[in-house]
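In: What would the 3D arrangement of this be:
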Amino acid sequence: MRAGAGKRVTAADVARSLGLSRATVGFVLNGTAGQRISEATRDRVLAEAARLGYRPHTAAQALRRGSSRLVLLIIPDWPVDFSVGKCVEEASHTLEEAGYSLVTQTHHPVGTARPLWELLDPEVVVGFAPFTPDEVAAMRGCGITKIIPGAGPSPSTPDPLGLDDGPRLQVEHLHARGHRRLGFAATTDARVSGLVESRLRAAREAAASLGSAPPVVRPVDGAPDAAARAVRDWLHAKVTGVVAYNDDSAARVIGAALRGGHDVPADLAVIGHDDSPYTALFVPSISSIRIDYAGLGRHLAALALQAATGRPLPDGGVDAATAVVARESTGS
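Out: Residues are numbered from 1 along each chain as shown. As a prediction, this is how the structure comes out:
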């Protein structure tokens, strides 16, 4: 006997079908310890619950144990590439080992769907970037107090995408190879405009610290000849090394330079960011910045577990090393 169409099957339905008390069925379905219930009865209850299509009521369970054991990860409206995927995968695995489930939601600024923190009662909400004051207020209005990070920069939250270390290493790598006049290959993708600005700011600061002029910024997408025009502008401005926002931008620059009859890296050295899988296969192979996104995922999970359970963070801080992978596009 199943509950009516569209109606949630409850523990009471299972008890009624078996002729058992609601208490007995509840003890079995909730895994309540210390109850003298035979294995045969447990097996009957579980089998009947499966037959009827019983699913635990997560909100009720959370109320009973004081925890939903859900971590909600808010991802900005970025292109979901392998790096973000690897980070999320590792965070999910780490949380599962601790008995928590990870749920993700992509934040679309123009979307009209209700945020999942209003629907799922997550114990912790984690973001790749600081939340706005309005978002934090909305979460707190739903009873959520564990928010990572809060509104504005948080000293306890890692720089999730190497916004400072990556561009600094790019500039230092080119500088060490004699490049004093640099370009910056930007993207016109509005979804990552904030990320581009952050990386550009870090590149400018790194160049200034080395006594070099600010990088000459040019977009390399958005128009069919954007990369070609950027290469011409850079060469005219005596730029010899290009810091690319990411590996896709680096590949566009290299392709345009080669099609224009220029040598990479003799005429124009290029370094990307993120160490995408294709960088080693490209010809010439692309120097890039490798970030341990798996380590970043583990750290985000550790931050969530610290907020949820009070467990200390692992020794050593953020386990997400950032390093240069030198290849042919910079003469390595």
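In: Show me what counts as buried in stretch 75-94.
Out: 75-76, 78, 83-84, 86-88, 90-92, 94 (16 or more other CB atoms under 10 Å). Heads up, the C-betas are built off the backbone N, CA and C, glycines and all.
In: Going along the chain, name the strands of the stretch 51-200 of the chain.
Out: Taking DSSP state E, counting those that start in this stretch, the strands of the stretch 51-200 of the chain run over residues 70-76, 101-107, 124-127, 147-148, 182-186.
In: for these, which one ends up most surrounded?
Out: strand 182-186 (a mean of 28; mean count of other CB atoms under 10 Å).
In: What strands line up against that strand, and which way round?
Out: In the sheet, strand 182-186 lines up against strand 216-219 (parallel), strand 241-244 (parallel) (DSSP bridges).
In: Could you list the low-pLDDT ranges of the stretch 101-250 of the chain?
Out: Across the stretch 101-250 of the chain, the ranges flagged by pLDDT under 70 are 109-111, 150-163.
In: tell me the domain ranges of this structure?
Out: 11-56, 65-158+296-319, 165-291+323-330 (automatic domain parsing).
In: now the first one: how far from the chain's centre is it?
Out: When you say that, I think you mean domain 11-56. 40 Å (CA atoms, centre = their mean, to the nearest Å).
In: quick one: average confidence on it?
Out: Mean pLDDT, domain 11-56: 84.
In: and residue 278, how many residues sit next to it?
Out: A count of neighbours around residue 278, defined by other CB atoms under 10 Å, yields 13.
In: I figured it was touching residue 250, is that so?
Out: No: counting by CB atoms under 8 Å, residue 250 is not a contact partner of residue 278; they are 10.6 Å apart.
In: Please enumerate the helices of this structure.
Out: With helices called from DSSP state H, the chain shows them at 11-18, 22-29, 39-52, 58-65, 82-97, 133-141, 165-176, 193-209, 226-236, 247-259, 293-309.
In: could I get those helices as JSON lines with distance to residue 324?
Out: Formatted as JSON lines, the helices of the chain follow (distance: least, CB to CB, whole Å):
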{"stretch": "helix 11-18", "distance to residue 324": "58"}
{"stretch": "helix 22-29", "distance to residue 324": "54"}
{"stretch": "helix 39-52", "distance to residue 324": "54"}
{"stretch": "helix 58-65", "distance to residue 324": "45"}
{"stretch": "helix 82-97", "distance to residue 324": "16"}
{"stretch": "helix 133-141", "distance to residue 324": "35"}
{"stretch": "helix 165-176", "distance to residue 324": "5"}
{"stretch": "helix 193-209", "distance to residue 324": "13"}
{"stretch": "helix 226-236", "distance to residue 324": "21"}
{"stretch": "helix 247-259", "distance to residue 324": "13"}
{"stretch": "helix 293-309", "distance to residue 324": "16"}
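In: who wins for proximity to residue 282 among those helices?
Out: Among the helices of the chain, the nearest to residue 282 by CB to CB is helix 247-259 (6.2 Å).
In: how about the closest one: buried residues?
Out: Quick answer for helix 247-259 (16+ other CB under 10 Å): 247-258.
In: For it, which helices and strands make contact with it?
Out: In terms of contacts (3 or more CB pairs under 8 Å, 6 or more residues apart in numbering; DSSP states H and E), helix 247-259 is packed against strand 182-186, helix 226-236, strand 241-244, strand 269-271.
In: Could you export these as JSON lines, including distance to residue 296?
Out: Converted to JSON lines, those look like this (distance: least, CB to CB, whole Å):
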{"stretch": "strand 182-186", "distance to residue 296": "24"}
{"stretch": "helix 226-236", "distance to residue 296": "30"}
{"stretch": "strand 241-244", "distance to residue 296": "21"}
{"stretch": "strand 269-271", "distance to residue 296": "21"}
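In: Give me whichever of the strands paired with strand 182-186 is most buried.
Out: Of the strands paired with strand 182-186, strand 241-244 is the most buried (mean count of other CB under 10 Å), at a mean of 31.
In: hmm, who's touching that one?
Out: 167, 170-171, 174, 177, 179, 181-185, 203, 215, 220, 234, 250, 253, 268-273, 330 (CB atoms under 8 Å, 6 or more residues apart in numbering).
In: possible to save the strands of the stretch 51-200 of the chain as CSV with distance to residue 118?
Out: Listed next are the strands of the stretch 51-200 of the chain as CSV, based on distance: least, CB to CB, whole Å:
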stretch, distance to residue 118
strand 70-76, 10
strand 101-107, 11
strand 124-127, 11
strand 147-148, 14
strand 182-186, 36
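In: any idea how far residue 202 lies from residue 105?
Out: Plainly put, residue 202 is 28 Å away from residue 105 if you go by CB to CB, to the nearest Å.
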